[in-house]
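*Asks:* Have a look at this prediction, sequence included:
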Amino acid sequence: MENTGQKMRKALAAAFPYTVPILTGFLFLGMTYGIYMRSMGFSFLYPMAMSIAVFAGSAEFVVGHMLTGLFDPLGAFAMILMVNARHLFYGISMLDKYRRLGWKSLYLIYGMCDESFSINCTVAIPAGVDPGWFYFFITALNQLYWVLGATLGGLFGSLIHFNTQGLDFVMTAMFVVIFLEQWRKEKTHDSALLGIGSSALCLLVFGQDRFIIPAMALILLSLTLLRRPIEGRTTA
C-alpha cells in the first residue's frame with residue numbers, strides 16, 4: 001500500500017515529461033510578459049503576483065494595459081470574460097475527471113489553462129499513477145513555469161534586448177502536435193472533424209477576431225446533439 005509521499009513522487013515523475021514542451025514555451029512567453037510589464041514601469045512584483053493570482057496569459061497582458069488606464073471594473077470584467085470565455089467549455093468537459101478529487105479539484109479548477117487542459121483531457125495516465133496527483137502536478141508545473149518566466153522577465157527586463165516576434169508560435173506548434181497525437185489514438189474522427197468544421201464555419205461568418213466563442217458554442221451544441229451517434233460509431 002503506497003503512502004501519500006510515494007504517490008506524489010510517482011505522479012510527479014510521470015507528469016514532468018508531458019510538461020517539458022510547455023516549459024520551453026512558458027519561459028519565453030512569461031519572460032515576454034515580464035519584460036512588457038517592466039517596459040510600462042512596473043516592478044517585477046507585479047508580473048510575479050499576477051502570474052500567481054491570475055494565471056491567464058492573454059488576460060494578464062490585457063490587465064497590464066488596464067492598470068495604466070482609467071478605473072473601469074465593469075469594462076475589465078467584460079474584457080476578461082471575452083478573452084477567456086473558452087475556459088467555460090474546458091471546465092464542462094473536465095467535470096468527470098476532476099470529480100471526487102477533494103481539495104485538489106479546487107486547485108485544478110483555478111489553475112486550468114489551455115495547456116494543462118490539453119494534457120489532462122487527452123493523456124493516458126501511466127498504470128499505477130494516481131490520477132488526482134497526476135492532474136495536480138501537470139497543472140502546478142505549468143503554473144510554476146509561467147511564474148518563473150514572468151518573474152525573470154520582470155527582474156531582468158531592462159537588461160534584455162532581443163526580438164521576441166514569433167515566439168508565441170511555440171504554443172501553436174504544441175497544440176498541433178497534441179491534436180495529431182489524439183487523431184492517431186482515435187478509431188473514428190467524428191468529433192475532431194466536427195470541431196474543425198465548426199471552427200472553419202465560424203471563422204468565415206464571424207472573422208478571425210470573434211470566432212472563438214461562437215465556435216466553442218457550436219461545437220458544444222453539436223457534440224451534445226450528436227453524442228449518441230458518435231459514441232455508437234466509436235463503440236462499433
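*Replies:* Perfect, thanks for sending it.

*Asks:* Extract the residue ranges of the protein that are flagged as low pLDDT.
*Replies:* Counting by pLDDT under 70, the chain contains low-confidence ranges at 1, 158, 160-175, 177-178, 182, 231, 233-236.

*Asks:* for it, what spans make up the helices?
*Replies:* Counting by DSSP state H, the chain has these helices, from start to end: 4-39, 45-53, 57-66, 73-84, 86-93, 95-98, 103-110, 114-122, 131-156, 169-185, 190-206, 212-225, 227-235.

*Asks:* most tightly surrounded among those helices?
*Replies:* helix 131-156 (a mean of 22; mean count of other CB atoms under 10 Å). For the C-beta atoms, the positions are set from N, CA and C on the backbone; glycine is no exception.

*Asks:* Which elements pack onto it?
*Replies:* With contacts defined as 3 or more CB pairs under 8 Å, 6 or more residues apart in numbering; DSSP states H and E, the packing partners of helix 131-156 are helix 4-39, helix 45-53, helix 95-98, helix 103-110, helix 114-122.

*Asks:* With A215 as the reference, name the closest of those.
*Replies:* For A215, the closest of the helices and strands packed on helix 131-156 is helix 114-122, at 14.5 Å, according to CB to CB.

*Asks:* could I have that closest one exported to PDB, CA atoms only?
*Replies:* What follows is helix 114-122, C-alpha atoms only, in PDB (Å, rounded to 0.1, in the frame of the first residue of the first chain):
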ATOM      1  CA  ASP A 114      -5.100  25.900 -22.300                       C
ATOM      2  CA  GLU A 115      -2.000  23.800 -22.000                       C
ATOM      3  CA  SER A 116      -3.000  22.000 -18.800                       C
ATOM      4  CA  PHE A 117      -6.400  21.300 -20.200                       C
ATOM      5  CA  SER A 118      -4.900  19.800 -23.400                       C
ATOM      6  CA  ILE A 119      -2.700  17.400 -21.500                       C
ATOM      7  CA  ASN A 120      -5.200  16.400 -18.700                       C
ATOM      8  CA  CYS A 121      -8.000  16.000 -21.200                       C
ATOM      9  CA  THR A 122      -6.200  13.700 -23.700                       C
END
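
*Asks:* just to revisit the earlier point, quick one: which of the helices and strands packed on helix 131-156 is nearest L152?
*Replies:* helix 4-39 (5.5 Å).

*Asks:* Check which helices and strands that closest one sits against.
*Replies:* helix 45-53, helix 57-66, helix 114-122, helix 131-156, helix 169-185.

*Asks:* Let me know which of the ones you listed is the nearest to N3.
*Replies:* helix 131-156 (12.1 Å).

*Asks:* hang on, G111 packs against F137?
*Replies:* No: between G111 and F137 there is no contact under CB atoms under 8 Å: 10.8 Å.

*Asks:* ok so, going back, L106 is nearest to which of the helices and strands packed on helix 4-39?
*Replies:* helix 131-156 (10.6 Å).

*Asks:* Phi first, then psi, for V54.
*Replies:* phi -90, psi -50 (degrees, to the nearest 10).

*Asks:* just to revisit the earlier point, dump the helices and strands packed on helix 4-39 to a markdown table, plus distance to N84.
*Replies:* Shown next, in a markdown table, are those (distance: least, CB to CB, whole Å):
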| stretch | distance to N84 |
| --- | --- |
| helix 45-53 | 14 |
| helix 57-66 | 6 |
| helix 114-122 | 10 |
| helix 131-156 | 15 |
| helix 169-185 | 15 |
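
*Asks:* All set now, cheers.
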